[in-house]
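1. Sequence first, then the predicted structure, then my questions.
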Amino acid sequence: MSEQPAKSWLCRETQAQLPALMAGELHGLGERAVRKHVDRCPDCADALARQQSVHAGLQAMRGSTIAPPEGLLDELLATTSHKGLRGKAAVPARGALSGARPGMSAAFVAAGLIASTGVGWAALKGGRAVLSRRGRKGT
């Protein structure tokens, strides 16, 4: 029973190294360990065969140029020109944070300053009130 989890762990580790093996990035002891396991394990040998097939397919495509379908550019432009709900909702604040709309950026900064000043003032007043109550209780 303890043999199966060890094999499962070893298979996971071996299969995680297969892309590096295919890319020629695995050397020395690591390469020998992966190859030795693949020679003994049918599941990992199948995984290596799949990796080799994918690698060969990608290598075959390396020199070829694939033309996009006719009308793809027009379709993409038409899709991006339609504003969805998200585009309509984001219009008032669009560009405010990037600096493209300096007036709106200034308004956001002013609102943040006012809010933080108000919170700070309330904390100060609340802290003073608590301290004054403690002072009265102690005397």
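-> That came in fine, so what should we check first?

2. show me the contacts for the residue nearest the centre of the chain.
-> Against the mean C-alpha coordinate of the chain, by CA atoms, centre = their mean, the closest residue is A16 at 20.5 Å. For A16, the contact set (CB atoms under 8 Å, 6 or more residues apart in numbering) is empty. For the C-beta atoms, the positions are set from N, CA and C on the backbone; glycine is no exception.

3. Send me the helix or strand containing it as CSV with only the CA atoms.
-> Under the criterion of DSSP states H and E, A16 resides in helix 3-22. The C-alpha coordinates for helix 3-22 follow below in CSV (Å, rounded to 0.1, in the frame of the first residue of the first chain):
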residue,chain,number,x,y,z
GLU,A,3,4.3,1.8,-2.7
GLN,A,4,1.4,3.4,-4.6
PRO,A,5,1.5,6.9,-3.0
ALA,A,6,5.3,7.0,-3.6
LYS,A,7,4.8,6.1,-7.2
SER,A,8,2.1,8.7,-7.6
TRP,A,9,4.4,11.4,-6.1
LEU,A,10,7.3,10.3,-8.3
CYS,A,11,5.0,10.3,-11.4
ARG,A,12,3.8,13.8,-10.6
GLU,A,13,7.3,15.0,-10.2
THR,A,14,8.5,13.3,-13.4
GLN,A,15,5.6,14.6,-15.5
ALA,A,16,6.2,18.1,-14.2
GLN,A,17,9.8,17.9,-15.5
LEU,A,18,8.8,16.6,-19.0
PRO,A,19,8.5,20.1,-20.6
ALA,A,20,11.9,21.0,-19.4
LEU,A,21,13.3,17.7,-20.7
MET,A,22,11.7,18.4,-24.1
